[in-house]
Structure formats: C-alpha cells, structure tokens
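**Student:** Pasting a predicted model and its sequence here:
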Amino acid sequence: MRTIEPSELIINPDGSIFHLHLRPNDIAGTILLVGDPGRVDTVASFFDRIEFSTSNREFKTTTGWFRGKRLSVVSTGIGTDNIDIVVNELDALFNIDFATRQEKKDKQQLTLIRLGTSGAIQADIPIDSFVLTETAIGFDGLLNFYEGRNEVSNLDMEAAFLAHTQWNPLCAKPYFVSSSESLVARFEDIAIKGITISAPGFYGPQGRVLRIPLATSDINKRIESFRYNNRMITNFEMESSAINGLSKLLGHNSITICAIIANRVTKESSPAYKPTVKKLIEIVLNRLLQ
C-alpha cells in the first residue's frame, strides 16, 4: 500500500492537517460549507452546544450539536482553489491514517452541503429565492488536473455547451458534474433546481466589465440562451463545481444551495440579504434532521 510522503500530506506538529488545522476527531461527517468565515458563527448560533472551534487564515471550523445531530461548519473562503484544499483535507481527515500515512481500508462517505450566495442569470428567478444546484459547471478548470474527470462529468452536456457558446479555446475547458441525487431529493422542494456556473473570478469570468473589455463580449447572452433537455443555466457562483467534482472522485455526497442576492438580467440586487441567508441556514439544518 502506498505511503503518502510528508511533502504531499503536511501534518502540523500538533497532529492537525496543514491548512484547516483540524485533527480527525474535530470534524463531523456532515459538513456545511460557507464562503465567509463570519457566516460560520451564524450557522453555529443555531447549535445547542459547541464542541470545538478553530480557525486558520480564511478557514474557520465549528463542530457542535443541533437537536441531537453532530454537525460541522467550515468556511472555505472564495473560489475553487480553496475548495481543492478544503475537500481534499476533509477527506484526508477521515480516510487517511495520519500515523501510517496510508489510505484506510474502510472509507467514510461525507455529506458536504454548501450554503452560499449567488447571482441569477435568468430573468424569472426572483431576488431572495433559493437555487439548488442540480448540475455544476466548472469554468475554473480544477477538475481537469485529476484522473477520472471524464468519468464523473456529463460529457454530452459539455459538448452541447461548447458548441452553443463557441467556447474560447484560451479559457479552461468547462466540466459538468451533478450533485448527489439523494441530497437533491432531500432539498428539492425548498428551492428552484438549476444548473450553476462556478466562475474563477467575480468580474470578467462572470461577464462583468469595469475597465477591461471581455474577450467574448456577449458571453453571458450565450450562456443565458443555452438549453439542454429543456434545462437552462440559472446562476453564477464560485465554488460548487469543485465541490461536486472532487466529491464524486472521492466518493462523497455534495450539493450547493444558494440565496439569490442579485439578478444579472433584471439588474436588481438585495444588499440586505443576510436575513435570507439565515433563513436558508435554518431550513437546511431542520431538513437534516428528517
């Protein structure tokens, strides 16, 4: 069995994993992922009891109990590059023996639920609604670095999208990965089901123009008009593709549910969106008990 070298799996002197500063017993198997470290406290405010809390850089974790269920909430910061760190390190905490640096024979399947904010790209998706990511599209290119990328991706949808948008070959090749079917079924009645783009930036990659023109000036119109089996792309955010892709490769269940705080088509926004996010957190926590 392969032993993972210290340069590949970095363990801190206190026995915690490099970035997250977590030891295996610090984290629950059901994990809520949020971007903003400040949102960790919002989620944890619903817990009946706090068991553990730590933070390092943008990665803040709290583990506690909600009505008899042990849960953890972890902040990822912004972007799929951070998701690469978070999902791989969370998996390592459960499925690699830190003493031997070898994979465990019996793997534990994690449940990863991202609760975030997002911008809609269809006019009929209202501000302060919730969108559940049924399929995530990665504009980031992260999954292309991993073996098995094609096996977990919807290649037919990918091909249709590339043709429809006349995709710029200078950009990373998009990948399309579905969320966990069981999690979609659990949460589909609380949100609009959609196809979500994870962009590798907030401005140009999401079609925003400040001072630098876009390489493809009408890219958002091409995205908005895309249809696949009567499904359309619903929203932009920046993490769900890597969560779904890495989870599929590692054997975990994942989903993203976002509060819509802006509509890029109608040009509306909701600057006072925090009550909507808090409502989403409460709904999801209660649904996890069912």
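**Tutor:** Nice, I can see it.
**Student:** Residue 10 - nearest residue in space that isn't next to it in sequence?
**Tutor:** In space, not counting the residues next to it along the chain, residue 10 is nearest to residue 18; the distance is 3.8 Å by CB to CB, 6 or more residues apart in numbering. C-beta here means a position set from N, CA and C on the backbone, and glycine is covered the same way.
**Student:** quick one: contacts for the one you found?
**Tutor:** 10-12, 89 (CB atoms under 8 Å, 6 or more residues apart in numbering).
**Student:** That one and residue 242, how far apart?
**Tutor:** In this structure, residue 18 and residue 242 are 18 Å apart, going by CB to CB, to the nearest Å.
**Student:** How about residue 5?
**Tutor:** Taking CB to CB as the measure, residue 5 and residue 242 are separated by 24 Å.
**Student:** Between those two, point out the one with more neighbours.
**Tutor:** Neighbour comparison, residue 5 and residue 242: the larger count goes to residue 242, with 29 against 9 (by other CB atoms under 10 Å).
**Student:** Am I right that that one is in contact with residue 137?
**Tutor:** No. In terms of CB atoms under 8 Å, residue 242 does not count as a neighbour of residue 137; the distance is 11.3 Å.
**Student:** For the lowest-mean-pLDDT helix or strand in the chain, which strands pair with it and how are they oriented?
**Tutor:** For the chain, scoring each helix and strand by mean pLDDT, DSSP states H and E identifies strand 268-269 as the least confident one, at a mean of 93. The pairing partners recorded for strand 268-269 under DSSP bridges are strand 253-263 (antiparallel).
**Student:** Helices of the protein, residue ranges please.
**Tutor:** Ranges of helices within the chain are 37-44, 80-95, 155-165, 181-187, 219-224, 240-250, 274-287, based on DSSP state H.
**Student:** What mean pLDDT does the second one get?
**Tutor:** Meaning helix 80-95. Confidence for helix 80-95, expressed as mean pLDDT, is 98.
**Student:** by contact count, what packs against that helix?
**Tutor:** Contacts of helix 80-95 with other secondary structure elements, assessed using 3 or more CB pairs under 8 Å, 6 or more residues apart in numbering; DSSP states H and E, are made with strand 59-66, helix 240-250.
**Student:** Pull the residues that contact the last one.
**Tutor:** It stands for helix 240-250. Taking contacts as CB under 8 Å, 6+ apart, the residues outside helix 240-250 that touch it are 33, 80, 83-84, 87-88, 91, 95, 110, 112, 114, 116, 133, 136-140, 142-143, 146, 148-149, 152-153, 175, 177-180, 196-198, 252-254, 256.
**Student:** so how far is that helix off the chain centroid?
**Tutor:** 8 Å (CA atoms, centre = their mean, to the nearest Å).
**Student:** cool, and stretch 42-57?
**Tutor:** Between the mean C-alpha location of stretch 42-57 and the chain-wide mean there is a distance of 19 Å, by CA atoms, centre = their mean.
**Student:** ok, and for that stretch, which residues are buried?
**Tutor:** 42-44, 46-47, 53 (16 or more other CB atoms under 10 Å).
**Student:** ok, now stretch 112-132?
**Tutor:** If you call a residue buried by 16+ other CB under 10 Å, then stretch 112-132 has these buried ones: 112-122, 125, 127, 130-132.
**Student:** Many thanks, I have nothing further to ask.
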